[in-house]
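Participant: sharing a sequence plus its predicted fold:
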Amino acid sequence: MKRITIYDVAKEADVSLATVSRVINDSNVVREDTRIRVQEAIEKLGYKPNAIAQGLALSKTTTVSIVMSEKMFAYNGKILNGLMDVAKIYNYNIMFHTTSKGISKMQDVIESIIKSRVDGVILFNDNFSLEEMEVLNEYQIPMVVVGSKITETKIGNVGNVYINFEKMAYDLVNKYFERGIDDISLEEDKLNLSMMEQLKAGIDRAYAEKGKVFNKYISYDDNNYKSSFNFLSDYYKNNRPSKLVITFRDSQAIAVLNACQEAGYSLPEDCELVCVLNNKYLTMTRPNVTSYNIPEYDLGAVAMRLLTKMLVDDDSVKDNKDIEMSYVLMSKGTTK
């Protein structure tokens with residue numbers, strides 16, 4: 001028998017997740033007709049709100065939940081180290097929640113977080129919708145989003161420790177414009193769509209300021225090395241690579257490098273390549289791939305420290321929950 005969740009109640013009552021949470025927690029900001037509709041849906045479906053979760057705001061567990069995609073686990077090791085080191089200093093326990101397509105759904109993670117009575121949550125970008133964050137907010141669970149900048153939100157207890165990927169792309173493209181190069185392409189990364197939106201926004205803005213339109217956003221079905229290489233091998237048989245190719249992850253960058261070389265193009269003479277994320281595999285390529293030095297450990301450490309301050313209502317973070325981290329472009333063998 002299917003387990004009834006808060007998502008089912010919201011769908012049955014035709015309301016948001018946050019509204020269901022408000023009704024469950026007896027909030028006085030819900031209209032009476034809406035409250036009745038939600039209560040009728042709860043009764044019809046047999047949904048039983050967790051009693052421990054309803055009393056969540058009244059107790060502390062010194063436990064913080066970290067939510068991230070299983071596929072990105074290998075790329076976030078340094079961030080996790082920073083998170084855990086600071087958590088240990090301030091005596092917080094860590095509870096991991098991973099999401100995996102077709103296996104671990106976000107709605108199950110939400111339910112687990114609420115029932116586990118965690119004090120706060122660290123979110124890795126693309127996992128959560130604004131509505132799901134509003135549900136956690138109804139249970140008075142402070143959150144910090146780590147990675148890229150989140151869009152404007154009215155939720156009061158959300159912090160953000162981020163890299164400004166829009167500015168990164170904007171500055172990079174303008175650097176190439178100054179050299180007279182405007183043939184630039186961006187390889188889509190489906191595992192990091194929020195970052196991709198920001199990178200593309202930066203490129204679009206740079207082109208628009210020059211009275212031009214960016215039209216080389218390369219998208220294909222999957223982004224692992226094999227699918228990327230197969231797609232690009234065929235693509236470069238009929239299309240010259242752009243003068244500058246931008247990728248997000250190492251597997252895409254290595255696929256571009258190998259596909260170009262297979263098609264007879266030399267880097268950086270025929271095509272320059274920049275990868276946003278830097279890791280050890282990029283040092284094994286020939287030539288070495290130009291990438292950004294992003295302070296991954298510090299992203300995690302600062303995010304956890306911000307959350308610990310939010311948990312004790314530290315005055316220093318009441319109006320300063322958005323922290324932008326710096327980065328440096330490391331020019332290597334794939335750029336001139």
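Facilitator: The structure has been received and is ready for your questions. Numbers count the residues shown, from 1 in each chain.
Participant: okay, helices next: where are they in the protein?
Facilitator: 6-13, 17-24, 32-45, 51-54, 77-89, 106-116, 130-138, 165-178, 193-209, 225-238, 250-262, 296-311 (DSSP state H).
Participant: pLDDT weak spots in the stretch 101-250 of the chain?
Facilitator: Filtered on pLDDT under 70, the stretch 101-250 of the chain yields the residue ranges 101-104, 126-128, 152-153, 223.
Participant: of all the helices of the chain, which one comes closest to residue 273?
Facilitator: Comparison of the helices of the chain against residue 273 by CB to CB identifies helix 250-262 as nearest, at 5.7 Å. Every residue, glycine included, has its C-beta placed from N, CA and C.
Participant: hey, what's the angle from that closest one to helix 225-238? Just curious.
Facilitator: With axes from the mean of the first three to the mean of the last three CA atoms, to 10 degrees as the basis, helix 250-262 and helix 225-238 are set at 30 degrees to each other.
Participant: got the phi/psi numbers for residue 180?
Facilitator: Per-residue torsions, residue 180: phi 80, psi 20 (degrees, to the nearest 10).
Participant: oh, I was asking about residue 335
Facilitator: In this entry, residue 335 is assigned phi and psi values of phi -130, psi 160 (degrees, to the nearest 10).
Participant: now for it: which residues touch it?
Facilitator: For residue 335, the set of contacting residues under the criterion of CB atoms under 8 Å, 6 or more residues apart in numbering consists of 268, 272-274, 290.
Participant: distance check, the nearest residue to residue 61 once chain neighbours are set aside against residue 232.
Facilitator: Spatial nearest neighbour of residue 61, chain neighbours left out: residue 117 (5.0 Å); criterion: CB to CB, 6 or more residues apart in numbering. Note on residue 117: its distance to residue 232, by CB to CB, to the nearest Å, is 48 Å.
Participant: between the two, who's got more neighbours?
Facilitator: Between residue 117 and residue 232, counted using other CB atoms under 10 Å, residue 232 has the larger neighbour count: 25 against 19.
Participant: residue 259 is in contact with the more buried one, correct?
Facilitator: Yes: using CB atoms under 8 Å, residue 232 is in contact with residue 259, at 3.7 Å.
Participant: residues in contact with the residue positioned nearest the centre of the chain?
Facilitator: Per CA atoms, centre = their mean, the C-alpha nearest to the average position across the chain is that of residue 125, at 2.2 Å. Residues touching residue 125, when contacts are defined by CB under 8 Å, 6+ apart, comprise 145-148, 150, 192, 194-195.
Participant: 7 Å instead, please
Facilitator: 145, 147-148, 194 (CB atoms under 7 Å, 6 or more residues apart in numbering).
Participant: got the residues you listed as TSV, with neighbour count and distance to residue 286 columns?
Facilitator: Converted to TSV, these look like this (neighbours: other CB atoms under 10 Å; distance: CB to CB, whole Å):
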residue	neighbour count	distance to residue 286
145	26	37
147	25	30
148	21	31
194	17	32
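Participant: just the pLDDT for residue 71.
Facilitator: At residue 71, the pLDDT value in this model is 76.
Participant: should've said residue 56
Facilitator: For residue 56, the pLDDT comes out at 45.
Participant: and what of the one 3 residues further on?
Facilitator: We note a pLDDT of 59 for residue 59 in this prediction.
Participant: ok, residue 2 next?
Facilitator: According to the per-residue confidence, residue 2 scores 61 in pLDDT.
Participant: domains for the protein, by residue range?
Facilitator: The domain map for the chain lists 1-49, 51-163+298-325, 165-294, with the assignment taken from automatic domain parsing.
Participant: mind checking those for the one nearest to residue 336?
Facilitator: Closest of those to residue 336 is domain 165-294, at 5.0 Å (criterion: CB to CB).
Participant: centre of the chain to that closest one, how far?
Facilitator: Domain 165-294 sits 19 Å away from the centroid of its parent chain (CA atoms, centre = their mean, to the nearest Å).
Participant: and if you look at stretch 27-36?
Facilitator: 33 Å.
Participant: what's in contact with it?
Facilitator: If you take CB under 7 Å, 6+ apart as the criterion, stretch 27-36 is touched by 15, 19, 22-23.
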